[in-house]
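Novice: following is a predicted model, sequence given first.
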Amino acid sequence: MSKQYWVYHERQEALLCGQHALNNLVQQNAYSPVNLSEIAAQLDQMELNYMAQNNEGGTSSKDYLKRIQEGSGNVDESGNFSIEVLRSALMNSFSLELVNIRQKDVRDKIEVTEIEGFICNRASHWFAIRKINDRFYNLNSTLERPEIISHFKLAAEMQALQDAGYSVFCVLDSLPPPCSGTAMMDSGLPQYWWKEEDLMSGKSNAMTRADDPWKNTGGGRRLDGGRSAAGSGGGNNGKPVSLMSEEEMLQMAMAASLEQSAPSRSERAYELTEEPAEGAPGAVKIQFRLPDGTRAVRRFRNDDQVGLVFAFVASKCPRQNIELRAGFPPKNIKSMMNASIAESKLAGEMIHGRYV
């Protein structure tokens with residue numbers, strides 16, 4: 001029996017694309033905002049120590065004081081990490097080097113299809129391309145699902161990215177092996193595992209591990225998430241799972257997924273009010289990074305409830321279940337729904353949304 005491969009593809013959360021690019025590259029949930037921020041802080045301190053020791057005037061020099069005033073050079077308030085943070089993370093955890101594809105020893109001596117993985121960057125956005133089971137996948141966290149890149153088109157894709165202003169870095173070999181069994185799935189979040197055979201066949205209803213209809217069979221749990229009666233096996237309209245067709249299993253799994261993703265009653269209860277005029281008393285601006293990558297700015301009143309923020313995002317992304325996060329590290333603001341924007345300290349903030 002041939003192996004069943006799974007492809008790990010984290011989706012965009014806030015501006016943490018650097019974290020997602022790393023996790024998609026190594027095909028596991030290896031990095032968090034916390035440990036990447038710790039690496040950034042360590043690099044900042046190393047740079048300051050070097051400046052203190054090598055600049056005339058030490059810690060009183062203009063360059064040192066300017067660097068202190070500028071803040072971190074390796075992570076910004078939105079969670080964008082520098083290339084040095086990504087390089088250090090890979091070296092510390094996996095002893096992997098992340099090199100520029102334009103380096104002469106890479107460009108002139110190595111065929112692009114022999115490289116195991118790539119990380120691409122432009123304008124603070126990072127994404128990974130990874131070889132899995134001898135196929136290349138675009139694992140951009142802004143994509144709905146992984147996209148296959150053929151060997152034939154890979155070189156042209158790399159050149160097009162560079163022509164468009166992307167910096168392209170690569171890991172030549174020795175990346176962690178791709179997932180080929182359920183035991184390896186504990187290293188990643190279930191909703192981000194995609195069955196490779198579904199991706200290859202172009203199924204519009206390709207499933208993740210979170211809604212795989214076979215995941216809980218034999219364990220006493222029905223496909224709709226409920227617990228089956230002893231000996232019944234659960235199922236569709238009372239039919240045991242063992243007697244269900246694959247199509248019925250798929251329909252039940254998809255129906256359960258849709259039920260879970262429906263917006264809650266509390267989120268639907270808020271109706272978006274008229275936007276206050278520029279300069280109106282108590283008016284504040286909030287910036288948004290929507291799940292599709294677009295940006296928006298909207299004025300609210302300081303005493304508006306945070307639920308109106310959710311209503312605004314819902315007007316931009318109808319019929320979608322969206323999680324909103326703010327601050328750094330980004331925190332889910334759903335618990336603030338009934339608090340005012342002033343109480344939640346969201347005035348002037350950048351709020352990041354992602355589909356869930």
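Specialist: Good, I have the coordinates. Numbers count the residues shown, from 1 in each chain.

Novice: ranges for the helices of the protein?
Specialist: Taking DSSP state H as the criterion, the chain carries its helices at 17-26, 33-54, 62-70, 83-94, 104-107, 151-163, 196-201, 246-261, 265-268, 307-316, 341-344.

Novice: pick the most deeply packed of these.
Specialist: Most buried of these, by mean neighbour count (mean count of other CB atoms under 10 Å): helix 17-26, with a mean of 27. In short, each C-beta sits where N, CA and C put it, glycine included.

Novice: averaging pLDDT over each of the helices of the chain, which comes out lowest?
Specialist: Here the lowest mean pLDDT among the helices of the chain goes to helix 265-268, at a mean of 46.

Novice: might one say that Arg145 is in contact with His9?
Specialist: Yes: checked against CB atoms under 8 Å, the pair Arg145 and His9 is within contact range at 6.7 Å.

Novice: more crowded one of the two?
Specialist: Set Arg145 next to His9 and count neighbours by other CB atoms under 10 Å: His9 wins out with 28 against 17.

Novice: distance of the more buried one from Glu144?
Specialist: With distances taken as CB to CB, to the nearest Å, His9 is found 9 Å from Glu144.

Novice: now swap in Lys285 and tell me
Specialist: Per CB to CB, Lys285 is found 30 Å from Glu144.

Novice: how about the helices of the chain in CSV, adding distance to Ile132?
Specialist: Output for those, formatted as CSV (distance: least, CB to CB, whole Å):
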stretch, distance to Ile132
helix 17-26, 10
helix 33-54, 23
helix 62-70, 40
helix 83-94, 16
helix 104-107, 21
helix 151-163, 13
helix 196-201, 7
helix 246-261, 24
helix 265-268, 36
helix 307-316, 33
helix 341-344, 41
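
Novice: and of the ones you listed, who's closest to Gly353?
Specialist: Taking CB to CB, helix 307-316 is the member of these nearest to Gly353, at 5.7 Å.

Novice: counting contacts, what elements does the closest one pack onto?
Specialist: helix 265-268, strand 283-289, strand 295-301, strand 322-326, strand 350-355 (3 or more CB pairs under 8 Å, 6 or more residues apart in numbering; DSSP states H and E).

Novice: rewinding a little: identify the contacts common to Arg145 and His9.
Specialist: Here Arg145 and His9 have Trp194 as joint contacts, going by CB atoms under 8 Å, 6 or more residues apart in numbering.

Novice: right, and Tyr192 touches Cys179 too?
Specialist: No: with contact defined as CB under 8 Å, Tyr192 does not count as touching Cys179 (10.9 Å).

Novice: and for the two, which residues touch both?
Specialist: Contacts common to Tyr192 and Cys179, judged by CB under 8 Å, 6+ apart, are Tyr8.

Novice: residues in contact with Arg130?
Specialist: Contacts of Arg130 (CB under 8 Å, 6+ apart): Asn24, Leu25, Gln27, Glu116, Gly117, Phe118, Phe136, Tyr137, Leu139, Leu175.

Novice: tell me the pLDDT of it.
Specialist: pLDDT, Arg130: 97.
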